[in-house]
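Sequence and predicted structure are below.
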Amino acid sequence: MEYKTRSYPRFAACGLNCGLCPRYYTAGTSRCPGCSGEGFSNVHPPCGILSCCQRKELEYCFECDEFPCKKYEGIDKTDSFITHKNQITDLEKAKRIGIETYKAKLDKKISILETLLRNHDNGRLKSFFCLTVNLLDLEDIYPVMDSINNETDPKTIVQLFEKTAERKGVSLKLRK
């Protein structure tokens, strides 16, 4: 199915933070452009939730009177390349605070992730950084970022994020 290109593919119609997914930062043909971004249909299987939104002329599921519908049953129980843990919660947050405010916060997280990937990825931390930035709140990420500005040891950086996540009761592992 061919989808209409969305204006902000970094936050999916279904609530995934595509801009925090490892496939969004992959080079080559397996790179995903985000939810209905340019070339989306070439690298992504058909999506019932996106199809439904586009059929109803909605940008996000939370705009639908039926949200969350049966399509969301069990959707946040397992992960793929990206965590689905906060998928419904993030849609509800976007609805509550407004989509522009949500996108501004997501853009800040994306900027942090890009800094981590550029300055601290040893070639094996992309998925960890994507998951970490996705699951932790900005208020919890900022202090870690301040403390790692001059840090070069990837193990130390991972430990700092793991300690923060543990304090917040957040598991930094994908659920397959």
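Everything's here; your move. Residues are numbered from 1 along each chain as shown.

Quick one: residues contacting residue 86.
By Cβ atoms under 8 Å, 6 or more residues apart in numbering, the contact list for residue 86 reads 15, 76, 134-135. In short, each C-beta sits where N, CA and C put it, glycine included.

mind checking the longest helix of this structure?
Secondary structure of the chain read by DSSP state H shows that its longest helix is helix 99-120.

Report pLDDT for residue 1.
Turning to residue 1, the model gives it a pLDDT of 62.

Is it correct that residue 99 is in contact with residue 60?
Yes. Using Cβ atoms under 8 Å, residue 99 makes contact with residue 60 at a distance of 6.8 Å.

In terms of neighbours, single out the busier of those two.
The neighbour comparison of residue 99 against residue 60 (other Cβ atoms under 10 Å) goes to residue 60, with 21 against 16.

any low-confidence regions in the chain?
1 (pLDDT under 70).

which residues of it fall in helices?
Counting by DSSP H, the helices of the chain are 40-43, 48-55, 87-97, 99-120, 126-135, 138-147, 154-168.

Export these as TSV, with columns for distance to residue 25.
Output for these, formatted as TSV (distance: least, Cβ to Cβ, whole Å):
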stretch	distance to residue 25
helix 40-43	14
helix 48-55	21
helix 87-97	19
helix 99-120	6
helix 126-135	6
helix 138-147	17
helix 154-168	17
